[in-house]
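Participant: Next come a sequence and a model predicted from it.
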Amino acid sequence: MTISSADYVEVIERAIARVGTTQADPVARAADLLTATLQAGGVIQAFGCGHSEALAMEIAGRAGGLVPTNKIALRDLVLYGGEPASVLGDPELERTPSVAQRLYDLAPIKPDDAFVIASNSGVNGAVVEMARLVKRRGHPLIAITSIAHSARAGSRHDSGLKLADLADVVLDNGAPYGDASLAYGSDAGVGAVGAVSSITAALLAQQIVVEVVARLLALGVTPPVYLSDNVPGGREHNQLIEARYAGRIRRTA
C-alpha cells in the first residue's frame, strides 16, 4: 500500500469540511458560554496534556486570540509548584488523577472563569479528574475530544467517566480511533500516519474565538483581542489590555 502527503491533504480537507459543518451548533453554544464568562469578568482557562496542549496554546496568548485567557499545563508543576523538572519525564503523569487538583490550586482561577479542556481520547486520569473538579467548583466546561476514539477507549479514571461525560458542551474533533489517518503495510510492519486531532482542534478553537468576538461586537463591546507583537504598536496594545487582567493570566512558553 502506498501513501503520500497528497493523500494526507485530502484526508485533512475532508476532516476540516466535516468538522466545520457538523460542529456549528456546539461551537455556537460554546461561544455563548464563553461570551457570558467574559461579560461577567471571567477568564477562559484552557487545559490539555500531551499534544492536546497545542489546543490550549490556540486558546491562550496568541495573535488574533482573546486576551482574558490562561493556559494550564503539566509544566506548571515545575514553573509554579516547585517540583523538579524530572517529574515531567514520568509517562504516567497525565494518567494520574491527583495531578489535576495540584494544577488547579496552582492556577490563578476565580469562580467566574470557564474552562476549555482538550483530550483526543478523553480518558486519561488527569484530564478526567480536572473535568470533575471544574464541575464541582461550578465552572462552565467545554470539551474538545474525538468521539470516535473516546467511544472505543476505556476510562483510566476510577470513576469510569470520560471527559465528554462531564462537559456542558462537547465538540468532536473528527479524528479517527488512534488519531492517525493513513494506514500502511510493508515488510517493516503495519501502522498508520497522518494525525488529525491537532489540526481539527485548532480549527474548532479558532471558530469559537471568532464566534465569541462576533457576539461581543453585536453587544457593542470592543473585543479584548491580541495583536501580533511583531506589528507596529502590537506590544503596546497587548500590554494595555493585559493590565486589566493582572494576576489572572500567565504567559509562559
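Facilitator: Structure received.
Participant: Could you list the low-confidence segments of the chain?
Facilitator: Along the chain, segments meeting pLDDT under 70 span 1, 187-189, 252-253.
Participant: Where do the helices of it begin and end?
Facilitator: Taking DSSP state H, the helices of the chain run over residues 5-22, 24-39, 53-59, 76-79, 98-106, 125-136, 147-152, 163-166, 197-218, 234-242.
Participant: Including distance to A85 and mean neighbour count, could those helices go into a markdown table?
Facilitator: Heads up, the C-betas are built off the backbone N, CA and C, glycines and all. Converted to a markdown table, the helices of the chain look like this (distance: least, CB to CB, whole Å; neighbours: other CB atoms under 10 Å):
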| stretch | distance to A85 | mean neighbour count |
| --- | --- | --- |
| helix 5-22 | 35 | 14 |
| helix 24-39 | 33 | 19 |
| helix 53-59 | 16 | 22 |
| helix 76-79 | 5 | 17 |
| helix 98-106 | 15 | 18 |
| helix 125-136 | 18 | 22 |
| helix 147-152 | 30 | 16 |
| helix 163-166 | 27 | 22 |
| helix 197-218 | 25 | 20 |
| helix 234-242 | 27 | 14 |
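Participant: Adding distance to E92, write the ones you listed out as TSV.
Facilitator: Conversion of the helices of the chain to TSV gives the following (distance: least, CB to CB, whole Å):
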stretch	distance to E92
helix 5-22	31
helix 24-39	31
helix 53-59	17
helix 76-79	13
helix 98-106	10
helix 125-136	9
helix 147-152	20
helix 163-166	18
helix 197-218	21
helix 234-242	36
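Participant: Out of the ones you listed, flag the one nearest P68.
Facilitator: Closest of the helices of the chain to P68 is helix 24-39, at 6.0 Å (criterion: CB to CB).
Participant: any idea how far R75 is from the closest residue to S150 other than its chain neighbours?
Facilitator: Sequence neighbours aside, G122 is the residue nearest to S150 in space, at 4.2 Å (criterion: CB to CB, 6 or more residues apart in numbering). As judged by CB to CB, to the nearest Å, G122 and R75 stand 21 Å apart.
Participant: who's more crowded, those two?
Facilitator: Neighbour tally, G122 and R75, criterion other CB atoms under 10 Å: the higher count belongs to G122, 29 against 18.
Participant: I'd guessed that one sits against L163; true?
Facilitator: Yes. Under the criterion of CB atoms under 8 Å, G122 makes contact with L163 at 3.5 Å.
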